[in-house]
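A.B. asks: predicted structure and sequence below. I'll ask about it afterward.
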Amino acid sequence: MLGDSFDELCRHHPELKPIVQKNVMKLIKEIPPLVKFPTTTFFQSPKSSLYYSRDEPVLTEEEGCAKMTSWETTVQGDVLECAAAFLEMLVGSYNHNSHNHWKDFYKEIKMQDLIKFITPENNAFDYVLSNCLSSISMIIKAIDQVRPGFALQEFINTIGKYFGDISEFIHYESDSSSYFDKFDQNSEEAGLAGGVVLSKLTIINSLLFIMSDVYTSPNKLSTARVQLFAKTFQKDNNTAFLKEMVSFFRRIVLEETIAHSRTPYAAAKDVTCLTGRQHRYHVEIGEPGVSAKDWIGSSAKYKNLSVLFFHFNKCQLWTRYTLATLCRLSADKRQESKFGVVPN
């Protein structure tokens, strides 16, 4: 509502618009650096941090251990969400004629600034479900209507940077053990080291989601959008990024498979969930999916598996959208030319 009010104010009092724009730019630049989250940890326990056999007893609760933190329960998340919601209603909403009224302002906004709303370190693992990211996605979509491809290269550059940060995970050689096994040491040092990787996965998850939501969601594809993707990814450095994305996809599929192969069915069912549709794992074990999840367990095993399965599943989904879009380059359903949508 506040964003709408400022929009109306600027419409009826154009002399105030430059002042509003100046302070909105200040908000975009200054809010994300102010937000600091507690350090992410890979949860440790003398009873182990992960399961290694389906015959192990299921451990959901551990005495003296706190439950998981979600984005809805963090003050820092509220700050980001309120700022993003204000920005969306002011310059990114499709409910009014923002494109024309704020068109000049769109030219001043830099993706390097907006992307900081997506990449706060140590954020809650389920940040990808936050209203903040939904608002940022709407803002990017609005700007992209005026400046096609506004965010795509910055997404590629930033995701590539975080791929580099977890290169050891992406290129982990074993097909039978999890990369995260090495953090199961019941020590603070191991917990912090594993937490660094989890924090990076949260950021990658969020970046892949916004990139796919803006550019590659199957119900939003157009010939122009696919051509933009083709021209962007034909650059040499972006081809290297694509190869790394495929390696990342391979590793998270393997990690999910390994985790399920050695986790008791009851434990895996309890932490494997999606919002809105059924996970294939629930089909495989003949158990119904859960449409919503509170993640109420407190044991290290429960919390670590919840985070890992969440990232593995979501990252696979967003990555599939991107790869599927690239596979459509010469097979657009509208076939506007005999060459499909391959650019000249």
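C.D. replies: Ah, there it is.
A.B. asks: surely residue 132 is in contact with residue 77?
C.D. replies: Yes: shown here, residue 132 and residue 77 form a contact pair, counting by Cβ atoms under 8 Å, at 7.0 Å. All C-beta spots, glycine's among them, are computed from the backbone N, C-alpha and C.
A.B. asks: which neighbours do those two share?
C.D. replies: Residues touching both residue 132 and residue 77 by Cβ atoms under 8 Å, 6 or more residues apart in numbering: residue 71.
A.B. asks: run through this protein and note the low-pLDDT ranges.
C.D. replies: 1-12, 92-101, 220, 272-295, 329-344 (pLDDT under 70).
A.B. asks: so for it, the centremost residue is which one?
C.D. replies: residue 206 (1.5 Å; Cα atoms, centre = their mean).
A.B. asks: so what's that one up against?
C.D. replies: Taking Cβ under 8 Å, 6+ apart, one finds 118, 119, 123, 127, 128, 133 in contact with residue 206.
A.B. asks: inside helices: which ones of those?
C.D. replies: Counting by DSSP state H, those place residue 133 in helices.
A.B. asks: and the two most separated of the contacts of residue 206?
C.D. replies: 119 and 128 (12.0 Å; Cβ to Cβ).
A.B. asks: who has more neighbours out of the two?
C.D. replies: residue 128 (25 against 19; other Cβ atoms under 10 Å).
A.B. asks: the one helix or strand residue 140 maps to: which residues count as buried?
C.D. replies: Secondary structure assignment for residue 140, by DSSP states H and E: helix 131-146. For helix 131-146, burial by neighbour count (16 or more other Cβ atoms under 10 Å) applies to 131-144, 146.
A.B. asks: what helix or strand is residue 228 located in?
C.D. replies: Element membership of residue 228, judged by DSSP H and E, is helix 223-233.
A.B. asks: which strands and helices sit next to that helix?
C.D. replies: Contact here means 3 or more Cβ pairs under 8 Å, 6 or more residues apart in numbering; DSSP states H and E; on that basis helix 223-233 packs against helix 152-165, helix 236-261, helix 300-327.
A.B. asks: what do you get if the cut-off is 6 Å, keeping everything else the same?
C.D. replies: Contacts defined by 3 or more Cβ pairs under 6 Å, 6 or more residues apart in numbering; DSSP states H and E place helix 223-233 against no helix or strand at all.
A.B. asks: can you give me the buried ones in that helix?
C.D. replies: Under the neighbour-count rule (16+ other Cβ under 10 Å), helix 223-233 has 223, 225, 226, 227, 228, 229, 230, 232, 233 buried.
A.B. asks: tell me the one of the residues you listed nearest residue 52?
C.D. replies: Closest approach between those and residue 52, by Cβ to Cβ: residue 233, at 39.8 Å.
A.B. asks: for the closest one, which non-adjacent residue is spatially closest?
C.D. replies: residue 242 (5.9 Å; Cβ to Cβ, 6 or more residues apart in numbering).
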